[in-house]
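J.: coordinates only, no sequence provided:
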């Protein structure tokens, strides 16, 4: 930078010190002066910009300190000297000259001073100086807005040229860079990002201007014509554009994207170059083409600048490439356009790799859910189109190896969920949008808050998709006996209808959304019922244990088991499996088993033929997950030998035994109803990894009581228990079983969700949902 361009920098800093002292002389430490003279965090030679918003706060902090006068190496600066600097600012350079020790002569700069003192002198540009020269920087006296733009503009590091000093500065070791001494001075080696809080005046200055780069005069989450008291806000409201030409508009938007990406990085949403943002301006409302601005791909998001942003048109063609060479458009670019084309009012799309968003996609154990459903949380107001007691459904799409491959899935999801302002990508992150960058940012923050909340609710065993059983204010019109209140004595009517308001009302007549959610209160034992009927798979025991341990054990050991079996046992299992085959209704499956029978008959049904039939039949039934009585008895016999040898150990969830102990203490009767035979049930629970649990059960039921998807089976079980079906709580992971139980009049059919369970449909959401059996325990 030319020496003829020294304008404000050091001069303004020194002058500020003097002005703050009211024009009177003031003492300052030599270290402070050197930091001002050599600051590498304050002046930017490329953009000629001075970060006075931060630096003045630091300087004012120096003014407010009272101990500098007592510092052994302090120096006195007068108001007249500051005026001299200001008068000769243009075309001058500041040279700091060290002189030899001599007797001091006050106010005569030509005379030598004591050793260790500093003489600051103004010289013309062409004046030669063979002593040390201290670097400064040109300063653009800009508005607050321009200063903020410069931070996110062309320069990644706000640095000035290092000192060209050949001589050692006072109090500084040889070859040491002044202004970066660890532990030296009030900055500990570097000027912090914001020093305003050090003075009262600085604190006032801090909140005079907005901290975000503004492209419009104002913004509010409450749209035009709406009220702050409205339950739902769908659109935001922006003021007039603050830019005057296309070039300024481009600079503002590019710097704004840089500022947003830096914010996302510090939120933990855009680490490792991930995430991004696109903003568009113009459009039909302004009677001009859209201008679409897109961040570059693979660049550090906290280091993004104006020079790293692409400008495109709505055909995705480059209008203005970034200044920085060798950059590619964001990999998210095709997805920005999917949102823009499906949502004409959208002006900003944000993509983050938020951990909360990623974890929210994993709340479904099977990872097959196409949405996350949330209700009755205050921050639903912040995502647009929803109120506290509304139902938010955030679509989920599966991840792909690269972002562009998500475009078709995103397009389908946006069309399927017209109220959604975001789409989750499984094991990846979130895409969120709004009708302004402010709205998109606000909604992105609100979604993140909601996802963090539901993750914690899941940990507590609370169903975030269900209507709260209590604690939510509602209104109900209710009829009561007229004789119960004095007012009724004056009425001829036998009934009187009154309005009941309270936090534990039964319905909400003012919000139809609540009616979408059925009554799914989780029953408490023994408070609501004292008879508990449990399924095994997906309820007390992991489905994976049955499918990955028990069934494979049967398939791999069937032949050796048959070899050791007597002829009588072989014939017994053969006859039982023949009955199972006869009950199969699906035609193609039945043909397969009939071919096994024909092959066995062709061999005159000798023992070896029977064994071959049994082996083929069992393997095919296990593969097709057929539930049949004969198969279950045979599996039970095989598992018995596995449990006795210690090769098998029954799996139960950690919450199962504590729940059994609670029920035993509170006189709740627990029974098991499974497609596995009663013998197999007892083997599993008698040889579980929690020990022998058989003593905790009152009864066991299998398919001899009827199929689990048949209404009559539950009536039979209630009859055997000698109780009314309404007195029973039945827990299962199978929707069809719960429907059959409900049809039979079972009091509380409850859906169990465990890792690996089958994905729920809308039918499954009709029932109370639990994630732990301990949720049933409550007096």
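T.: Structure received. What you see is a predicted model; the values in this text were computed from it and never measured.
J.: tell me the SS of residue 319?
T.: Assigned state for residue 319: strand (three-state reduction, DSSP: H, G, I helix; E, B strand; the rest coil).
J.: can you pull the contacts of it?
T.: When contacts are counted by CB atoms under 8 Å, 6 or more residues apart in numbering, residue 319 touches 291, 311, 312, 313. For every residue, glycine as well, the C-beta is placed using N, CA and C.
J.: gap between it and residue 393?
T.: 37 Å (CB to CB, to the nearest Å).
J.: and which of the contacts of residue 319 is nearest residue 387?
T.: residue 291 (34.6 Å; CB to CB).
J.: which strand residues bridge the closest one?
T.: Taking DSSP bridges as the rule, residue 291 bridges to residue 281.
J.: gap between residue 415 and residue 345?
T.: 16 Å.
J.: and for residue 249?
T.: 19 Å.
J.: same check on residue 290?
T.: Distance of residue 290 to residue 345, given as CB to CB: 12 Å.
J.: ok, back up a step: between residue 415 and residue 345, which one's more packed in?
T.: Higher neighbour count among residue 415 and residue 345: residue 345, with 13 against 10, using other CB atoms under 10 Å.
J.: sorry, back to before: between residue 290 and residue 345, which contacts overlap?
T.: With contacts defined as CB under 8 Å, 6+ apart, no residue is adjacent to both residue 290 and residue 345.
J.: on that earlier part again, which of the contacts of residue 319 lies closest to residue 556?
T.: residue 312 (59.4 Å).
J.: now the phi/psi pair for the closest one, please.
T.: Main-chain dihedrals, residue 312, degrees, to the nearest 10: phi -120, psi 170.
J.: pLDDT value on the residue nearest to it when sequence neighbours are not counted, please?
T.: Closest residue in space to residue 312, ignoring its immediate chain neighbours: residue 292 at 4.4 Å, by CB to CB, 6 or more residues apart in numbering. If you check residue 292, the pLDDT there is 97.
J.: could you do residue 557 as well?
T.: Listed pLDDT for residue 557 reads 89.
J.: what strands line up against the helix or strand harbouring residue 532, and which way round?
T.: According to DSSP states H and E, residue 532 maps onto strand 531-534. Note on strand 531-534: by DSSP bridges, its sheet partners are strand 669-673 (parallel), strand 728-732 (parallel).
J.: low-confidence ranges, the stretch 651-779 of the chain, go.
T.: The stretch 651-779 of the chain contains residues with pLDDT under 70 at 779.
J.: residue boundaries of the strands in it?
T.: In the stretch 651-779 of the chain, the strands defined using DSSP state E, counting those that start in this stretch lie at 669-673, 699-701, 728-732, 748-752, 769-770, 777-778.
J.: please enumerate the helices of the stretch 401-550 of the chain.
T.: 407-416, 437-459, 513-516, 543-545 (DSSP state H, counting those that start in this stretch).
J.: list the buried residues of the shortest one.
T.: Of the residues in helix 543-545, 543, 545 count as buried by neighbour count, 16 or more other CB atoms under 10 Å.
J.: now do stretch 630-644
T.: Using 16+ other CB under 10 Å as the burial criterion, the residues of stretch 630-644 that qualify are 630-640, 642-643.
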